[in-house]
Structure formats: structure tokens, C-alpha cells
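**Q** only geometry, no sequence info:
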């Protein structure tokens, strides 16, 4: 509605001002400028959210451990959730940020309790930092246009992205088919929510074809092809929104080539070659705008423990220190501290339980506690993913 809303914590009120008529003064839309816990007063309010469909104002009333709902143009609130002294469904401790999702359900940062609360049709529940796994104190949340949840963690100086999974109806649903049958391909989520599928093989041979899946229309479209057919390669989303494809193999042999897909133009450009051919390796985007490529097979039946870094700015590859063991079909996951956790895989002889950590600041690997069993083709998941 072209109005600016400001939560004034020290004055215990929320103010509003028109962005169209600059001569308009700020007006009080919640609170009385006196600290209190009644339906008309607030105590150190923090985050606010205005429902654009009807003008309803939600206020994170931190000092009263509650979320207040002020209907449009009303200075008398009803408690949406939290006040310890009232008969409500959930107890909060200094809520600091609130937001409505597309279904008009509340998400609340319960800052002192170090968790995120979500409204459901049946009440409220904890979704992050629950039970014995609290978060480092969260402060602010927001959604992007794709429904991803972003969380600001002030203590750890992080902005964390969460993908929310709709579990309202358990089970699987079919979608449109790809245009070309394929296996041993890659599938990468792009910034606009589409999925880029590259390469693979089928009964007709090795593929350089590429397709895009659009979840908004449940449809597949053919995209520009890669320069090389390839299977068992990697396709990594870069911090600049492009996709780096590395390695793999085809009927002509093992590949050290790399190429970059630009979603804004739909075009591929060749990148500098890796130092050696690799397939069944990993390629992980790091916080410093480099990609860590680790391990893989490089000759028929041969595994490597070598690693190298791709620099997004220069486009160059540089070798870095090697892992303690050679491995293929392993996983490499960036942790919240910026290190990379490599787990399992196969060393071309046996499955591995060995785990190691790559420290970007030193370029060195250190071993971590081993898994209980050897694994390959497994799936790790970071707590903050």
C-alpha cells in the first residue's frame, strides 16, 4: 500500500508513513509510547509484518513474549501466539521476527529459545532448533519468490537458506517426462527454480543434450547442448548463477574438459581444462568463489586422491593438497564453518568409511572420525540445509 512501517523498540510502538505523500507525518499504528502488556500496549517490539492483502499488522512483542495482531486501522490487538500469561497455544521468549507465507501461516523467530516456530492448520509447531538441537540465536527470517526461507544468524554472522518441504500430502506425484531418456546424468536447480539436466546415456549412446524442467508449468524444454557428450560428470551451481560442468567420460575416453552454462542466455562456453581427467568425482562450491574438485577415477580402474580448485574470477585451475585416500562415488559437503566434509566412497578396491575435512584457509586435509560402515553413492545432509 506504499506505506513505510517502522518498529520503534525503545518507544514501544510501531509507526507508519506514506511513501507517496512525503508531507504526511508518521502516525502511530500500534502501541502507545508507554511500555505495557495490555491489548493496546507493547514492550520492546522488534520484527513486524504487514499482510499486503488486507493491511493487518503482526508485531513481535519481544518484551511480552508474544505476537500481536492489529487488524487494519485498529489500535487494539489480539494475541496471535505466545504470551505466557494468557491461554494461547505456544510459549515464546522474545520473538524477534515474523512473516506470513503464501498460505497466510505465521513463521516466528523465537530468539531466546533459539528456534523457529511455524503455524499449521492445527496450531503451532517448532521446525528449526527444536528439542535438544537449539540454534545459535536467530534474529530475522524472510522468504524469497520461490518460497525458500532465509535466516539471519547474528551470533555466527551467517545468512542461511532453507528449502521447505510440503508434507501435507505424503507420497509421490508424477510429472511431465523428459524429452530424452537418460541415466548417469546430472540435475541442478537454477536460481529461477528451473532444473537443468545435462548429459547421460541411453540405448542410443552417450548424450550431450540438455533439458530444462519448469516446475511452474510441469514441462520440459530442450536447451542448447554441451560441447561434449558425458556421463558420471558433475554440474555445480556457482555463486554467480552459472553452472560449471566438469569431467566425466564418453565413447572417446575420459574427460578433463569443463564448460559453463549461463541461464540468462541459455548458452555454453568452454572453461579451462582440469589438470587430469576425472569421473565419479565431486565438485563443491566454496564460500570464497572457488570450486573444489576432489577425487574420482582418471584411468580405467584407477582412482585418484588429488584435488584442484577452479577460480570463478580468473577461470583458472590450481592444484591443492591431496586427500589421504583415493576415492570415487564419495560425497563432499560444505559445513557452516566453511570447511568441506568428504565421506565414504570407493577406493577402487573396497568401500570406504574414512572421513576427512578440507580447510579452505590452509588448503590442507585432516582426517575426522570414521563412519560406522563403508558407503558409496550415499547422501549426506547438513543440518542447515
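**A** Nice, I can see it. Since this is a predicted model, take the numbers as computed values, not measurements.
**Q** gap between the nearest residue in space to residue 185 that is not next to it in sequence and residue 248?
**A** Closest residue to residue 185 apart from its sequence neighbours, by Cβ to Cβ, 6 or more residues apart in numbering: residue 200 at 3.0 Å. (Glycine included, C-beta is placed from N, CA and C.) Residue 200 sits 10 Å away from residue 248, going by Cβ to Cβ, to the nearest Å.
**Q** now list whatever residues contact both of these two.
**A** residue 231 (Cβ atoms under 8 Å, 6 or more residues apart in numbering).
**Q** look up how far residue 203 lies from residue 356.
**A** 39 Å.
**Q** which sections of this structure are below the confidence cut-off?
**A** 1, 22-24, 83-90, 132-134, 155-156, 165-172, 300-301, 381-385 (pLDDT under 70).
**Q** how about the helices in it?
**A** In the chain, no helices are defined using DSSP state H.
**Q** about what we covered before: of residue 200 and residue 248, which one has the most company?
**A** Between residue 200 and residue 248, residue 248 has the larger neighbour count (other Cβ atoms under 10 Å), namely 31 against 24.
**Q** domains of the chain?
**A** What automatic domain parsing lists as the domains of the chain is 3-162, 176-253+260-268, 274-385.
**Q** the residue nearest to residue 185 is in contact with residue 187, isn't it?
**A** No - look at residue 200 against residue 187 with Cβ atoms under 8 Å: they stay out of range, at 9.9 Å.
**Q** list the residues that contact residue 211.
**A** 178-180, 196-197, 220-223.
**Q** buried among the residues you listed? Need that as a selection in ChimeraX.
**A** Typed into ChimeraX, the line below selects the buried ones among those, using 16 or more other Cβ atoms under 10 Å:
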select :178,180,196,197,220,223
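**Q** need the contacts of residue 211 in a markdown table with distance to residue 150, can you?
**A** As requested, those are exported to a markdown table (distance: Cβ to Cβ, whole Å):
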| residue | distance to residue 150 |
| --- | --- |
| 178 | 31 |
| 179 | 34 |
| 180 | 35 |
| 196 | 23 |
| 197 | 27 |
| 220 | 29 |
| 221 | 29 |
| 222 | 33 |
| 223 | 28 |
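**Q** closest to residue 360 among the contacts of residue 211?
**A** residue 196 (26.2 Å; Cβ to Cβ).
**Q** how about the contacts made by that closest one?
**A** 186-190, 210-212, 223, 235, 243, 261, 263.
**Q** of all these, which comes closest to residue 116?
**A** Closest to residue 116, out of all of the contacts of residue 196 and judged by Cβ to Cβ, is residue 189, at 22.5 Å.
**Q** what bridges to the nearest residue in space to the closest one that is not next to it in sequence?
**A** In space, and not counting its chain neighbours, residue 189 is closest to residue 195: 5.7 Å by Cβ to Cβ, 6+ apart. Beta-bridge pairing of residue 195 under DSSP bridges involves residue 189, residue 213.
**Q** for residue 195, the count of nearby residues, please.
**A** Residues near residue 195, counting by other Cβ under 10 Å: 14.
**Q** quick one: contacts for it?
**A** Shown in contact with residue 195 (Cβ under 8 Å, 6+ apart): 187-189, 212-213, 215.
**Q** between the residues you listed, which is nearest residue 77?
**A** Of these, the one sitting nearest to residue 77 (Cβ to Cβ) turns out to be residue 215, at 38.3 Å.
**Q** surely residue 25 meets residue 17?
**A** Yes - between residue 25 and residue 17 a contact is recorded at 7.0 Å, counting by Cβ under 8 Å.
**Q** those two: which is more packed in?
**A** Using other Cβ under 10 Å, the more surrounded residue of residue 25 and residue 17 is residue 17, with 15 against 7.
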